[in-house]
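Undergrad: Below are the sequence and a predicted model for it; my questions follow.
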Protein chains: 2
Amino acid sequence: MSSPLTVAFDADDTLWHNEDAFEAAEHHFNEIVAPWAEADEAQRVLLDFERARVGLYGYGVKSFCLAMIAAACEVSNNEIPAAVLRTIVDTADELLAMPTKLIDGATEAIETVSEKWPTFIITKGDLHHQLRRIEIADVAKYCFDIEVVAEKDAATYRRILRRHRIEPKNLIMIGNSVVSDVAPLLDIGARAVHIPYDVTWALETAAVDPAPSDRWFRLESISDVPQLIESLV
Amino acid sequence: MSSPLTVAFDADDTLWHNEDAFEAAEHHFNEIVAPWAEADEAQRVLLDFERARVGLYGYGVKSFCLAMIAAACEVSNNEIPAAVLRTIVDTADELLAMPTKLIDGATEAIETVSEKWPTFIITKGDLHHQLRRIEIADVAKYCFDIEVVAEKDAATYRRILRRHRIEPKNLIMIGNSVVSDVAPLLDIGARAVHIPYDVTWALETAAVDPAPSDRWFRLESISDVPQLIESLV
């Protein structure tokens, strides 16, 4: 074994549920702006704010809640009462304090993988929040390192490979997003396993799958990951 | 040279001006809540919100602006108009988009140091914002790596040393905060250089200096760093 495989797991919606809580928060947003806009229109304005600011704000709960506050002012023509806007800060509190609900089979999968191959987590988003969730989920013990990144693009993955002295062909990334966890890995010569989650954030939906190849795979459940990797060695 | 020195620079208020912009934002906050509270009272409530949430929210512009929104609702008994609350989101936009104003001599100091010793940046705060500022300041080219961390405590510094295979006694940290850039370094057996900045955030003020020793130093200007390090080799 001259150069062993290294396995990286995404976190949000791969190891634990995330997007469903954001969906609930969006539903709350629709309700508080209902006096001024239909749900469709409210979501369109909110998504416009998120999309316009993602380059400046980055990802995560705090960015999302600041976008909801700006969008609520916009949609209501600044008529929305302060007491209602404040409930959006309460939403931030709730989303940040929310218990980390692991996906079925996730702990067993990362544990089994880590017994055979060097394993780490590469997750995108808010640094402070991601580290707290990793601590609560108690999965750091299976990992030789944790990488919280601002963007999951080819440049970022290359930087991580350099830092840990991993050759691209020896990295397998496991995640729920084609845009973040599959496409850039194929670009840099690594491999990827896609495990779709029920809900995908609008800014993460990829138009099309990468061309079929023997470098990326799709599984229904994270429980099937150890066996798939075994078959690749 | 069996184990060379490695030099780490803090970023906010060490390489570039930061706290003065937060001060200007706090001044804006005092003005918008002036109909309901004196400046002292407004600042007290804001600081209470920041302190109560720093464990959940972490550091940075977005946390600060969400705290200002909650505090403005609190201070005004929810009477503050949405149009005024929205100016706090504008403040977030401005703080995040603000040009990075380097401190006099900072570029020359990090460049000179990097020509002789492996150099990197260890900065605390919002991952996305810090990486943007580092890119704008164009200082990554002097660094073998960039570490953005959620907390600057002994455990975090130990993790960084392990990751980069640096022995504690070979690390010298340069920064403006006794709490973040000096005290934990002494705890882990490293060395530190303190360069005070004019303004220190209330959550960063240390009660007392560490005891004098030959492992920490205080300089008035970052321009004196290369010469000091030379004298330590």
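TA: Cool, the structure landed.

Undergrad: Stretch A:187-203 near chain B at all?
TA: No. Contact of stretch A:187-203 with chain B (C-beta under 8 Å from any C-beta of the partner chain) is absent, the minimum separation being 14.1 Å. To be clear about C-beta, it is placed using only N, CA and C from the backbone, and glycine gets the same treatment.

Undergrad: residues of that stretch that come out buried?
TA: A:188, A:190, A:191, A:192, A:193, A:194, A:195, A:197, A:200, A:201 (16 or more other C-beta atoms under 10 Å in any protein chain shown).

Undergrad: Please write out the alpha-carbon positions of that stretch in CSV.
TA: This file holds the C-alpha atoms of stretch A:187-203, laid out as CSV (Å, rounded to 0.1, in the frame of the first residue of the first chain):
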residue,chain,number,x,y,z
ASP,A,187,-11.9,18.6,-11.8
ILE,A,188,-8.9,18.0,-9.7
GLY,A,189,-8.6,14.2,-10.4
ALA,A,190,-10.1,12.9,-7.2
ARG,A,191,-13.1,10.6,-6.7
ALA,A,192,-16.5,11.4,-5.2
VAL,A,193,-19.6,9.6,-3.8
HIS,A,194,-22.9,11.5,-4.1
ILE,A,195,-25.7,10.7,-1.5
PRO,A,196,-28.7,12.9,-2.4
TYR,A,197,-30.6,14.5,0.5
ASP,A,198,-34.3,15.1,0.3
VAL,A,199,-34.0,18.9,0.2
THR,A,200,-31.3,20.9,-1.7
TRP,A,201,-30.8,24.6,-1.2
ALA,A,202,-31.6,26.7,-4.3
LEU,A,203,-28.0,28.0,-4.5
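
Undergrad: quick one: it to chain centroid distance?
TA: A distance of 9 Å separates the centroid of the chain from that of stretch A:187-203, by C-alpha atoms, centre = their mean, to the nearest Å.

Undergrad: Alongside chain B, which residues does chain A contribute?
TA: A:53, A:56-59, A:62-63, A:65-66, A:69-70, A:72-73, A:76, A:78-83, A:85-86, A:89, A:92-93, A:96-97, A:126-129, A:131-132, A:145, A:148-150, A:163.

Undergrad: and which of the buried residues of stretch A:187-203 is nearest to chain B?
TA: Ranked by distance to chain B (C-beta to the nearest C-beta), the buried residues of stretch A:187-203 are led by residue A:201 at 16.2 Å.

Undergrad: ok, now which ones touch that closest one?
TA: A:19, A:22 (C-beta atoms under 8 Å, 6 or more residues apart in numbering or on different chains).

Undergrad: try residue A:151
TA: If you count contacts by C-beta under 8 Å, 6+ apart, residue A:151 has them with residue A:124.

Undergrad: Now do the SS call for it.
TA: coil (DSSP: H, G, I helix; E, B strand; the rest coil).

Undergrad: The one 5 residues further on too?
TA: Here residue A:156 takes the helix state, with states given by three-state DSSP.

Undergrad: now it, nearest residue through space, not along the chain?
TA: Spatially, and ignoring its direct neighbours in sequence, residue A:156 is nearest to residue A:149 (5.1 Å; C-beta to C-beta, 6 or more residues apart in numbering or on different chains).

Undergrad: so after the longest helix anywhere in chain A, what's the next helix or strand?
TA: When chain A is parsed with DSSP state H, its longest helix is helix A:39-57. Remark: after helix A:39-57, the chain's next helix or strand is helix A:61-75, criterion DSSP states H and E.
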